[in-house]
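In: model this:
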Amino acid sequence: MRPRKLSREQLLLQSALCFKQHGYTGASVSMLAQACGLSKAAFYYDFSSKDALLYEILDTTHQQLRSGIFLQLRQTHSNLTAAYRQIHANAEYFFSFGGMGCLAGILSAEQPNLPEMIQKKLIDVFQDWEQAFFTFFCQCMHETQAQIWAKLSVADYEGAILMSRIRPEAGYLGLLQQRILSQLNSCNRVLS
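Out: I've put the predicted structure just below:
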């Protein structure tokens, strides 16, 4: 067998881009293999199925989020506003330019067609993100309010990410950032 031209990470990225463009049902094994510059036989050498590939992409993305944005949200911060500005900048880069970002949101629209293991992985990603925001907001809010803001923040990010793909000039992520910063400023005034 000839050595492949792409690393495993590059294969996952090219496949993620194909899934983002065509969705789960639209991305065939032939399309995925072609996106990676592989034959179907070579594709099956690396991945047992389209579902196995997608699960690995989502798991890799989840690990990147855990070690980056989610970890930052879970840390204790002396200045929540400054911390959130940095976290938001990292999230904006990850979801806008990071390659694998926003795939979970795109796949969520196809939820009825997704295999159970993929549905479960998506739920895990969103719950982990919500829990990270909850931890962050608990630094300045009561738990009940922090839970509400965590849920809203994940939903708002997903919506802003998807809308930014349709209308990038509209600044949805910037509007979301302003709303959360406004809430954090309100919390800071209450705590002072």
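In: Any idea how many residues pack against Phe47?
Out: If you count neighbours by other Cβ atoms under 10 Å, Phe47 ends up with 23. Glycine gets a C-beta too; all of them are placed from N, C-alpha and C.
In: What is the neighbour count of the closest residue to it other than its chain neighbours?
Out: Among residues not flanking Phe47 along the chain, Leu53 sits closest, at 4.1 Å (Cβ to Cβ, 6 or more residues apart in numbering). With neighbours defined by other Cβ under 10 Å, the count for Leu53 comes to 23.
In: Distance check, Leu53 against Val29.
Out: Separation of Leu53 from Val29 (Cβ to Cβ, to the nearest Å): 9 Å.
In: Kindly report the same for Ala42.
Out: Noted for Ala42: a distance of 11 Å to Val29, by Cβ to Cβ.
In: The residue lying closest to Thr81 once chain neighbours are set aside in helix, strand or coil?
Out: Closest residue to Thr81 apart from its sequence neighbours, by Cβ to Cβ, 6+ apart: Leu184 at 5.2 Å. At Leu184 the chain is in helix, as set by DSSP: H, G, I helix; E, B strand; the rest coil.
In: starting at the chain centroid, how far to the helix or strand where Gly159 lies?
Out: Under the criterion of DSSP states H and E, Gly159 resides in helix 143-166. Centre-to-centre, helix 143-166 and its host chain are 12 Å apart (Cα atoms, centre = their mean, to the nearest Å).
In: so who does Cys18 touch?
Out: Applying Cβ atoms under 8 Å, 6 or more residues apart in numbering, we find Cys18 in contact with 27, 31-32, 35.
In: what sits against Leu58?
Out: Neighbouring residues of Leu58 by Cβ under 8 Å, 6+ apart: 103-104, 107, 118, 121-122, 125.
In: cool, Arg85 as well?
Out: Arg85 is in contact with 177, 181, counting by Cβ under 8 Å, 6+ apart.
In: Give me the pLDDT value at it.
Out: What the model reports as pLDDT for Arg85 is 97.
In: Quickly find the element holding it.
Out: Assigned by DSSP H and E, Arg85 falls within helix 80-97.
In: Quick check: what element follows that helix along the chain?
Out: Sequence-wise, the next helix or strand downstream of helix 80-97 (DSSP H and E) is helix 103-108.
In: Run through this protein and note the low-pLDDT ranges.
Out: 1-4, 98-101, 188-192 (pLDDT under 70).
In: and if we set it to 50?
Out: The chain contains residues with pLDDT under 50 at 1, 191-192.
In: what's the distance between the one helix or strand Gln63 maps to and the middle of its chain?
Out: Using DSSP H and E, the element containing Gln63 is helix 50-65. Its chain's average C-alpha position is 11 Å from that of helix 50-65, according to Cα atoms, centre = their mean.
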